[in-house]
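K.L.:
quick one, what's the 3D model for this:
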Amino acid sequence: MDTRHASVVVDGMRLHWAECGTATDKAPLVLLHGINDSHLTWKRIAPALAADRRVLMPDAPGCGLSERPDASYHLDWHAHVIARWLEVLGLSEVDVAGHSFGGGVAQMLLLEPTLNVRRLALIASGGLGPHVAFWLRLATLPGVVELFGQPFMAAGTRLTLRAAGGRISEQDIAELSAMNAAPGTARAFARTVENVVSWRGQSQNFFQHIHEIQQVPPITLFWGDQDGITPLEDALSFVRTVKGVGFERFEGCGHYLHHEQPDDLSRRLREFLDTFQTHALELPVLDPFVALSSPWAHPWEALLAAVGATPKLPEDRSVSPYPAPLMG
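P.N.:
This is a model prediction of the structure:
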């Protein structure tokens with residue numbers, strides 16, 4: 001299937017995207033990649049998803065072939081840029097699937113007044129719990145990455161993708177490394193990470209904004225049980241806390257499901273997107289932001305966690321007050 005490329009200026013910034021498939025009676029699908037990634041990450045699943053719908057794969061600001069402006073790179077800013085891009089394209093109703101940081105952006109799209117998100121697929125998503133890989137916590141050291149990191153962005157990309165343990169080809173790694181060598185990438189990366197991660201872990205949370213959302217769409221989580229960046233326990237806690245959320249577990253899979261098990265992921269994604277009836281979500285009445293806040297209060301605790309010497313948590317700091325669901 002042919003992939004088309006285009007770019008458009010959004011709020012004074014050039015945004016690039018790739019797309020495949022054609023417009024049908026089904027809602028277009030927008031795929032949002034993770035931090036320091038690009039549209040290339042979707043090439044193993046996009047053709048199958050585009051068999052009967054239009055699939056759009058934007059490069060986030062500061063990533064891929066998009067521009068790298070001197071901007072805040074805050075989560076809500078990313079979501080606003082995507083919403084404005086879709087508005088320019090004349091799309092007001094879409095399905096959205098977001099991977100990792102892209103999942104956090106996808107959640108924030110629910111607050112955009114010009115956009116109706118019909119289905120929300122969260123793939124190893126950020127924003128659902130406190131835990132995150134230790135190297136991302138290190139990247140929040142003030143000013144270090146932004147001021148000194150640019151010469152190392154390509155090498156850092158290669159090391160990170162190879163360490164992920166997934167089936168990411170050397171060609172994919174080389175292409176993304178070359179993109180991340182572009183000036184301004186380190187600034188974009190540093191400011192993005194600093195807005196969503198701290199020493200304690202993830203600092204942005206779905207429940208911080210749930211009361212602002214007019215209508216929460218059907219949501220399904222897609223997660224590898226070997227994820228070392230956004231661990232499975234956060235997904236399970238979220239499923240326990242928000243009744244009606246769908247959950248798809250991928251055995252033996254890490255953080256990059258779309259590279260490691262692309263056929264299975266595309267099949268399950270299509271099933272979710274094409275399901276007419278879904279369970280209504282039951283939002284919790286307690287303050288889940290407190291319940292899901294990070295258990296690591298200090299840097300030394302994060303260091304202990306990183307080497308496997310996890311300190312015992314008091315009982316009143318449990319992640320979720322709900323019993324675990326039956327997982328098939």
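K.L.:
show me the contacts for Asn195.
P.N.:
Ser72, Tyr73, His74, Leu75, Ser203, Gln204 (C-beta atoms under 8 Å, 6 or more residues apart in numbering). The C-beta positions use only the backbone N, C-alpha and C, and glycine is treated the same way.
K.L.:
wait, a strand at the first one?
P.N.:
No: judged by DSSP: H, G, I helix; E, B strand; the rest coil, Ser72 forms no part of a strand; its state is coil.
K.L.:
let me see the backbone angles for it.
P.N.:
Note on Ser72: backbone dihedrals following degrees, to the nearest 10 are phi -70, psi -40.
K.L.:
mind pulling up the pLDDT for it?
P.N.:
With respect to pLDDT, Ser72 has a value of 93.
K.L.:
could you measure from it over to Gly127?
P.N.:
From Ser72 across to Gly127, the span is 17 Å (C-beta to C-beta, to the nearest Å).
K.L.:
which of those two has more residues huddled nearby?
P.N.:
Gly127 (28 against 13; other C-beta atoms under 10 Å).
K.L.:
Three-state assignment for the nearest residue to that one once chain neighbours are set aside, please.
P.N.:
Setting aside the residues directly before and after it, Gly127 is nearest to Gly104 in space (C-beta to C-beta, 6 or more residues apart in numbering), at 4.0 Å. Following three-state DSSP, Gly104 is assigned to helix.
K.L.:
which parts of the protein are strands?
P.N.:
Per DSSP state E, the chain carries strands over the ranges 4-10, 13-20, 29-32, 55-58, 93-99, 116-123, 197-198, 201-202, 219-224, 246-250.
K.L.:
between those strands, which one is closest to Met179.
P.N.:
strand 13-20 (10.4 Å; C-beta to C-beta).
K.L.:
about what we covered before: as CSV, the strands of the chain with mean neighbour count, distance to Glu271 and mean pLDDT would be great.
P.N.:
Shown next, in CSV, are the strands of the chain (neighbours: other C-beta atoms under 10 Å; distance: least, C-beta to C-beta, whole Å; pLDDT from 0 to 100):
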stretch, mean neighbour count, distance to Glu271, mean pLDDT
strand 4-10, 13, 26, 97
strand 13-20, 20, 20, 97
strand 29-32, 26, 13, 98
strand 55-58, 26, 16, 98
strand 93-99, 24, 13, 97
strand 116-123, 23, 11, 96
strand 197-198, 20, 32, 70
strand 201-202, 22, 29, 71
strand 219-224, 25, 9, 96
strand 246-250, 18, 9, 96
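K.L.:
export those strands to a markdown table and append columns for distance to Phe272.
P.N.:
Formatted as a markdown table, the strands of the chain follow (distance: least, C-beta to C-beta, whole Å):
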| stretch | distance to Phe272 |
| --- | --- |
| strand 4-10 | 25 |
| strand 13-20 | 19 |
| strand 29-32 | 11 |
| strand 55-58 | 15 |
| strand 93-99 | 9 |
| strand 116-123 | 6 |
| strand 197-198 | 28 |
| strand 201-202 | 24 |
| strand 219-224 | 5 |
| strand 246-250 | 6 |
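K.L.:
burial count for Ser125?
P.N.:
Ser125 has 31 neighbours, counted by other C-beta under 10 Å.
K.L.:
for it, what are its contacts?
P.N.:
Applying C-beta under 8 Å, 6+ apart to Ser125 gives the contacts Gly98, His99, Ser100, Gly102, Gly103, Gly104, Ala106, Gln107, Leu221, Thr230.
K.L.:
which non-adjacent residue is nearest the fourth one?
P.N.:
On the basis of C-beta to C-beta, 6+ apart, the spatially nearest residue to Gly102 that is not a chain neighbour turns out to be Leu32, at 3.2 Å.
K.L.:
ok, Asp172 next?
P.N.:
Closest residue to Asp172 apart from its sequence neighbours, by C-beta to C-beta, 6+ apart: Leu40 at 6.3 Å.
K.L.:
just checking, the one you found touches Ser177?
P.N.:
No: taking C-beta atoms under 8 Å as the definition, Leu40 is not a contact partner of Ser177, at 11.3 Å.
K.L.:
pLDDT value on Gln277, please?
P.N.:
Gln277 carries a pLDDT value of 67.
K.L.:
show me the contacts for Asp37.
P.N.:
Cys63, Gly64, His99, Ser100, Gly102, Leu176.
K.L.:
out of those, the closest to Asp263 would be?
P.N.:
His99 (16.6 Å).
K.L.:
quick one, what contacts the closest one?
P.N.:
Neighbour list for His99: Leu31, Leu32, His33, Gly34, Asp37, Thr41, Ile123, Ala124, Ser125, Tyr256, Leu257, His258 [criterion: C-beta under 8 Å, 6+ apart].
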